[in-house]
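**Student:** When you get a sec, could you give me coordinates for this:
(one chain, ligands or ions: 1)
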Amino acid sequence: MTEHAAPVPTHQPRRVSARIGSIAESATLAVDAKAKSLKAAGRPVIGFGAGEPDFPTPDYIVEAAARAVLDPVNHRYSPAAGLPVLREAVAAKTLRDSGYEVAPGQVLITNGGKQAVYQAFATLLDPGDEVLLPAPYWTTYPEAIRLAGGVPVEVFAGEDQGYRVTVEQLEAARTPRTKVVLFVSPSNPTGAVYTPEETEQVGRWALEHGIWVITDEIYEHLVYDGAVATSIVRAVPELADTTVVLNGVAKTYAMTGWRVGWMVGPADVIKAATNLQSHLSSNVANVSQRAAVAALTGDLSAVDAMRSAFDRRRRTMVRMLAEIDGVEIPVPQGAFYAYPSVKGVLGRTIRGVTPTTSAELAALILDQAEVAVVPGEAFGPSGYLRLSYALGDDDLVEGVRRIQALLADAD
Ligand SMILES: Cc1ncc(COP(=O)(O)O)c(C=O)c1O
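**Tutor:** Prediction:
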């Protein structure tokens, strides 16, 4: 028997793959977790980080779930694409709210809107395909695009243009590799809502250049001041064959913890995404799906009540933020976020600290005012803060008052 020397390893495998290792932690969840842990430690922290309604899920939805949990039919695997009754309800709701007529087979029920976002990009993108990503953007989008092998191409719209990109900006960013444009109205993080005319312009431009549209309509019912969220497929019906609509029950029905979202699109794309989901996660929890059926087949009175509370808080928050020297804030018309520019505060000394980025300012606000806000870096360029107004009125006023008092000390 001959003895062999152990082979000398020439390559040390990574513990975590480069692809997954490059994903950043969700900054919004991180801020929220930090605020909650400081609160648990007894600090009187007020959190403006959360991206969820502070209301409980309406009773009639919870009751439908309670009935479902007792029925053994819901204790088993069900079709990966979703319960037929829920796919039908989503199709009916999509016609009602988006003016887009689809068959139930064009609907895929996902584990929250987040899974719909991932699967939409994974299904449409080949390596190197570019996605025009209007910025400021929700923090999950660029990660989802990169994970799918795509290249996010940021198109920035600042406060001077109400955080809404123009067709001219999109056209300037278009290349032969552009496959998809992302369209989100109302927007997280800015609360911007595109007018029907602007929506149509983006849609016509995409159609003209054969660019797919992924549109995230999750905040469609949270609009104020008479603003209307116009579905891009309603504005340009010819886009139906090259558009994927993303949505979910989380924001409209205060159901963030139930994890039900969906993708709606051309049958071949939905079939391909269903194949992916069938290996990834299979069906969404049946009890949650039954709750979503109750939500979607009911009326919108619960969201009407939430919307008026959000509207009141929005006006209070915007008024108080606008009073701060160095803060600029376009009035948000949708979702439940205010997105002030704080560029006029950066570089000034506040209680011995001179923040030069919004991340440093957010850290100072947490440290000195015990208020949690999300820095603009989570959504694109520095210079902004995101504050959710989905919290009680008293906390909201107290939290913004603390920020006012802190920033009043800026030299
Ligand atoms: C713009 C946008 N899309 C999608 C989602 C996903 O929501 P969920 O996964 O809770 O349904 C969120 C949540 O914050 C969001 O802000």
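**Student:** Report the mean per-residue pLDDT for stretch 261-269.
**Tutor:** Mean per-residue pLDDT for stretch 261-269: 98.
**Student:** quick check, it touching the ligand?
**Tutor:** Yes: for stretch 261-269 and the ligand, the contact criterion (CB under 6 Å from any ligand atom) is met by residue 261. The C-beta positions use only the backbone N, C-alpha and C, and glycine is treated the same way.
**Student:** So which residues on this structure come close to the ligand?
**Tutor:** Contacts of the chain with the ligand, taken as CB under 6 Å from any ligand atom, map to 51, 112-114, 117, 138, 184, 188, 216, 218, 248, 250, 256, 261.
**Student:** Need the max-distance pair from those residues.
**Tutor:** In these, two members sit farther apart than any others by CB to CB. They are 184 and 256, at 17.7 Å.
**Student:** So for the two, which sits in the more crowded spot?
**Tutor:** For residue 184 versus residue 256, neighbours defined as other CB atoms under 10 Å are more numerous around residue 184 (22 against 17).
**Student:** quick one: low-confidence ranges for this structure?
**Tutor:** Under the criterion pLDDT under 70, the flagged ranges of the chain are 1-9.
**Student:** all strands of it, in order?
**Tutor:** Using DSSP state E, the strands assigned to the chain run over residues 46-47, 107-110, 130-135, 151-156, 178-184, 212-216, 243-248, 261-264, 337-338, 371-372, 374-375, 385-388.
**Student:** okay, the ones you listed in CSV with distance to residue 40 next?
**Tutor:** Formatted as CSV, these follow (distance: least, CB to CB, whole Å):
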stretch, distance to residue 40
strand 46-47, 12
strand 107-110, 31
strand 130-135, 34
strand 151-156, 35
strand 178-184, 33
strand 212-216, 32
strand 243-248, 29
strand 261-264, 29
strand 337-338, 25
strand 371-372, 13
strand 374-375, 20
strand 385-388, 19
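**Student:** of those strands, which approaches residue 79 most closely?
**Tutor:** Ranking those by proximity to residue 79 (CB to CB) places strand 107-110 first, at 9.0 Å.
**Student:** Show me which residues of the top helix by length along the chain are buried.
**Tutor:** Secondary structure assigned by DSSP state H gives helix 301-322 as the longest helix of the chain. By neighbour count, with 16 or more other CB atoms under 10 Å as the criterion, the buried positions of helix 301-322 are 302-303, 306-307, 309-311, 313-314, 317-318, 320-321.
**Student:** now stretch 131-145
**Tutor:** In stretch 131-145, residues buried by neighbour count (16+ other CB under 10 Å) are 131-145.
**Student:** Now that stretch - C-alpha only, CSV.
**Tutor:** Output for stretch 131-145, consisting of C-alpha atoms alone and laid out as CSV, is shown next (Å, rounded to 0.1, in the frame of the first residue of the first chain):
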residue,chain,number,x,y,z
VAL,A,131,-34.0,47.1,-13.7
LEU,A,132,-34.8,50.8,-13.6
LEU,A,133,-35.4,51.5,-9.9
PRO,A,134,-36.8,54.8,-9.0
ALA,A,135,-35.1,56.1,-5.8
PRO,A,136,-35.7,56.6,-3.0
TYR,A,137,-36.9,53.0,-3.0
TRP,A,138,-38.1,50.4,-0.5
THR,A,139,-35.0,48.7,0.9
THR,A,140,-35.9,45.2,-0.3
TYR,A,141,-36.1,45.9,-4.0
PRO,A,142,-32.3,46.3,-4.9
GLU,A,143,-31.5,43.1,-2.8
ALA,A,144,-34.3,41.2,-4.6
ILE,A,145,-33.0,42.4,-8.0
